[in-house]
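Student: no letters, just coordinates:
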């Protein structure tokens, strides 16, 4: 079963994979990193002009990393939003995904957080640098194969 965006992408010959619908009935699509920028521009033109959230996760130890985008389209009124979830999987060795900052400005801090915690590089992001961890931090704390440094932060006991 296809949702409206998936049907539109198929009609126009754009490569993607439908992952079905979640428990709320939101369509979920899988897009390859090399196709993501063009499909993001097309999604925006199709009416998905609101990036509700972007997050990322480690699929499995040694497996791919996923960047997840929740897009909203308000066509028939604010009480009937149309939503879609797009997952872009990147290889663990060199996780690179095109940034959508230039399409949805709200992706700025969200992509930076995904970079900081998982090491996913977002190509053409204007300020891709750590946002939560110190610049000197080594490694990507939310990866399942991350090994915490062997130190303790000195805290005031009072």
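Tutor: Thanks, I have it. On a predicted model such as this, the values are computed, not experimentally measured, just so you know. Residues are numbered from 1 along each chain as shown.
Student: residues contacting the residue nearest to residue 141 when sequence neighbours are not counted?
Tutor: Closest residue to residue 141 in three dimensions, ignoring its sequence neighbours and counting by Cβ to Cβ, 6 or more residues apart in numbering: residue 117, at 5.7 Å. Placement of C-beta: from N, CA and C, glycine included. Residues counted as contacts of residue 117 (Cβ atoms under 8 Å, 6 or more residues apart in numbering) are 56, 132, 133, 140, 141, 142.
Student: swap in 10 Å and give it another go.
Tutor: Residues in contact with residue 117 (Cβ atoms under 10 Å, 6 or more residues apart in numbering) are 55-58, 130-133, 140-143, 146.
Student: residue 79: which of the residues you listed is nearest?
Tutor: Checking the contacts of residue 117 against residue 79 with Cβ to Cβ, the nearest one is residue 55 at 25.7 Å.
Student: and that closest one, which of the three is it?
Tutor: Reduced to three states with DSSP: H, G, I helix; E, B strand; the rest coil, the structure at residue 55 is strand.
Student: please apply the same query to residue 117.
Tutor: When the structure is reduced to helix, strand and coil (three-state DSSP), residue 117 reads as helix.
Student: report the buried residues of stretch 36-44.
Tutor: When neighbours are counted by 16 or more other Cβ atoms under 10 Å, the buried residues of stretch 36-44 are found to be 36, 37, 39, 40, 43, 44.
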